[in-house]
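Chemist: model this:
(one chain, ligands or ions: 1)
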Amino acid sequence: MSEAPQHVKIQCEERRSLLVGSIKCVLNKIDFCPHATTLKAYSRVLQTEIICQIKCKRWGCSHCGPRKVQSMALRVKEAKPQRLITLTVDPKLYETPRIAYDKTRRKVTELAARLRRKYESFEYIRILEVTRAGWPHYHLVARSPYIPHQILKNIWAEITGAIIVDVRALKKTDHVYFYVLKYLAKQTYIPWTTRRISWSRHFFPKHSEPKGMPLKLSDRELCREHPSEIISLKWTNQVIVQFTRDVFIIAVDHESAQMNLNAFQKEQL
Ligand SMILES: [Zn+2]
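Modeler: A predicted model of the protein is given here:
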């Protein structure tokens with residue numbers, strides 16, 4: 001039997017250390033999405049069954065929400081925008097905030113199309129926010145040539161009747177990360193939409209999606225149960241390896257866990 005300690009970290013790939021330990025000791029230390037469901041499968045690379053948490057990925061989830069905010073802020077920063085634009089709506093023109101949203105949300109696309117005709121490009125991510133009274137306004141984080149404030153104001157007034165438009169140049173691209181964090185962190189429940197964010201087709205650079213690990217899965221089975229429930233019901237004395245943030249393997253002891261990881265590293269070479 002292996003005499004490995006209860007908690008050991010194994011360096012499996014660059015900058016990633018993995019949590020390994022007996023299920024009893026480490027299951028409650030793993031960061032699970034509370035609403036996750038489970039994928040069970042066999043990995044031909046790790047030569048063992050894997051348990052994968054399928055996260056809910058909702059903005060409102062206590063686990064997924066903050067992670068989504070952070071990764072979105074990072075992606076926006078990598079898109080190298082130079083301008084922050086705030087487009088307001090005029091509450092006097094609509095009966096309710098919902099009507100204001102329905103009547104103006106497509107106008108952002110129209111504004112972008114008109115700007116593209118005039119200037120060579122206008123790419124943006126749009127973040128919806130509501131005022132304390134519930135009225136929508138839109139934050140655009142944009143990448144475009146210089147556009148005079150007055151031109152933006154005139155077009156927005158022409159298509160929506162609203163006259164308040166704010167434009168700010170981003171002095172450092174680093175700041176955009178914090179602006180996006182701030183806009184997204186302020187998100188509260190909006191009864192009339194779940195679509196807080198949208199972006200133009202070329203805003204994000206291509207290939208910015210992280211690549212998945214080549215685990216070569218077969219015998220996939222989706223279960224409604226939470227992964228921690230499945231793990232604790234089926235196994236008790238085994239060793240769990242948190243292989244990636246979402247993928248776990250169960251091994252009889254530390255030694256065979258190491259064998260599974262060696263198999264993966266061999267495949268990587
Ligand atoms: Zn979640």
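Chemist: run through the helices of this protein in chain order.
Modeler: 23-26, 64-78, 97-104, 107-118, 149-160, 173-185, 227-234, 254-268 (DSSP state H).
Chemist: so which of the ones you listed gets nearest residue 214?
Modeler: helix 254-268 (6.9 Å; CB to CB). The C-beta positions use only the backbone N, C-alpha and C, and glycine is treated the same way.
Chemist: what residues are bridge-paired with residue 127?
Modeler: Applying DSSP bridges to residue 127 yields these beta-bridge partners: residue 139, residue 197.
Chemist: what separation is there between it and residue 230?
Modeler: According to CB to CB, to the nearest Å, residue 127 and residue 230 sit 37 Å apart.
Chemist: with neighbour numbers in mind, choose between these two.
Modeler: Each of residue 127 and residue 230 has its neighbours counted (other CB atoms under 10 Å); residue 127 has more, 23 against 17.
Chemist: so which of the helices of the chain is nearest residue 88?
Modeler: Nearest to residue 88, of the helices of the chain and by CB to CB, is helix 149-160 at 8.6 Å.
Chemist: format the helices of the chain as a markdown table; extra columns: mean pLDDT and distance to the ion.
Modeler: What follows is those, written out as a markdown table (pLDDT from 0 to 100; distance: least, CB to the ion, whole Å):
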| stretch | mean pLDDT | distance to the ion |
| --- | --- | --- |
| helix 23-26 | 82 | 20 |
| helix 64-78 | 88 | 3 |
| helix 97-104 | 93 | 26 |
| helix 107-118 | 94 | 28 |
| helix 149-160 | 94 | 35 |
| helix 173-185 | 80 | 16 |
| helix 227-234 | 89 | 12 |
| helix 254-268 | 79 | 27 |
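Chemist: just the pLDDT at residue 20, thanks.
Modeler: If you check residue 20, the pLDDT there is 79.
Chemist: would you point out which residue is most central in this structure?
Modeler: residue 68 (2.9 Å; CA atoms, centre = their mean).
Chemist: the ion contacts on the stretch 1-150 of the chain?
Modeler: Applying CB under 5 Å from the ion, we find that the stretch 1-150 of the chain lies next to the ion at 33, 35, 55-56, 61, 63-64.
Chemist: give me the buried subset of these.
Modeler: 33, 35, 55, 61, 63-64 (16 or more other CB atoms under 10 Å).
Chemist: in terms of contact, does the residue nearest to the centre of the chain touch residue 56 like I think?
Modeler: No: between residue 68 and residue 56 there is no contact, the gap being 10.5 Å when judged by CB atoms under 8 Å.
Chemist: residues contacting the residue nearest to the centre of the chain?
Modeler: Residue 68 sits next to 57, 59, 184 when contact means CB atoms under 8 Å, 6 or more residues apart in numbering.
Chemist: go again with 7 Å.
Modeler: By CB atoms under 7 Å, 6 or more residues apart in numbering, residue 68 lies in contact with 57, 59.
Chemist: now do residue 30
Modeler: 19, 242.
Chemist: and the pLDDT for it?
Modeler: At residue 30, pLDDT is 86.
Chemist: list just the nearest of the buried ones among the residues of the stretch 1-150 of the chain next to the ion to residue 85.
Modeler: Out of these, the member with the shortest distance to residue 85 (by CB to CB) is residue 64, at 28.2 Å.
Chemist: pretty sure residue 59 contacts residue 66?
Modeler: No: here residue 59 does not reach residue 66: they are 9.7 Å apart, not a contact under CB atoms under 7 Å.
Chemist: where do the contact lists of the two overlap?
Modeler: With CB under 7 Å, 6+ apart, residue 59 and residue 66 have no common neighbours.
Chemist: measure the residue lying closest to residue 204 once chain neighbours are set aside to residue 124 for me?
Modeler: Sequence neighbours aside, residue 79 is the residue nearest to residue 204 in space, at 5.4 Å (criterion: CB to CB, 6 or more residues apart in numbering). Distance of residue 79 to residue 124, given as CB to CB: 9 Å.
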